[in-house]
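Participant: Predicted model follows, preceded by the sequence.
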Amino acid sequence: MEDDESLAETLVLLISELVTNAVVHTGCPAVLRMLFGSAESAGTVRVEVADTSCRPPRPRHAEGEDTGGRGLELVDGLADRWGWQPEGAGKRIWCEIDRGVPVPAPATPGEQSDALGGARI
């Protein structure tokens, strides 16, 4: 149970950083999507944030008491992987966290094992 709480706290922080970056740097709404494991990666949670800017994310290094510039550093430190890709007229920034859950055997015919949700922010 404690591991789930830690995962939830980390996901909240990652989502906050990615959505805030998208909104602040584009001035437009962002689209958030979370994927909770697939048949190949049942232990992975993937967060994706799409925005309307074609500019690639630019990691910065905050100094001292700077109030900005730490977002992608936090994502890099907390996520197991992160990256971005062009999407339509904009881009999608994503990060993944491995939950350490053993990957289950493939589903038998007729079973569905993927959970996928999306929300417009």
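Facilitator: Looks like it came in fine.

Participant: Grab the longest helix from the protein for me.
Facilitator: helix 2-26 (DSSP state H).

Participant: Which positions in it come out as buried?
Facilitator: Under the neighbour-count criterion of 16 or more other C-beta atoms under 10 Å, helix 2-26 has Leu11, Leu14, Ile15, Glu17, Leu18, Val19, Asn21, Ala22, Thr26 buried. Placement of C-beta: from N, CA and C, glycine included.

Participant: Now the element after it, going C-ward?
Facilitator: Per DSSP states H and E, the first helix or strand lying C-terminal to helix 2-26 is strand 31-36.

Participant: ok, so what distance separates the closest residue in space to Pro56 that isn't next to it in sequence from Ile15?
Facilitator: Setting aside the residues directly before and after it, Pro56 is nearest to Trp84 in space (C-beta to C-beta, 6 or more residues apart in numbering), at 6.2 Å. The spacing between Trp84 and Ile15, counted by C-beta to C-beta, to the nearest Å, is 16 Å.

Participant: same question, Arg55
Facilitator: Using C-beta to C-beta, Arg55 is found at 21 Å from Ile15.

Participant: Give me the residue ranges of this protein where confidence is low.
Facilitator: Low-confidence segments of the chain, defined by pLDDT under 70, span residues 1-2, 38-42, 66, 101-121.
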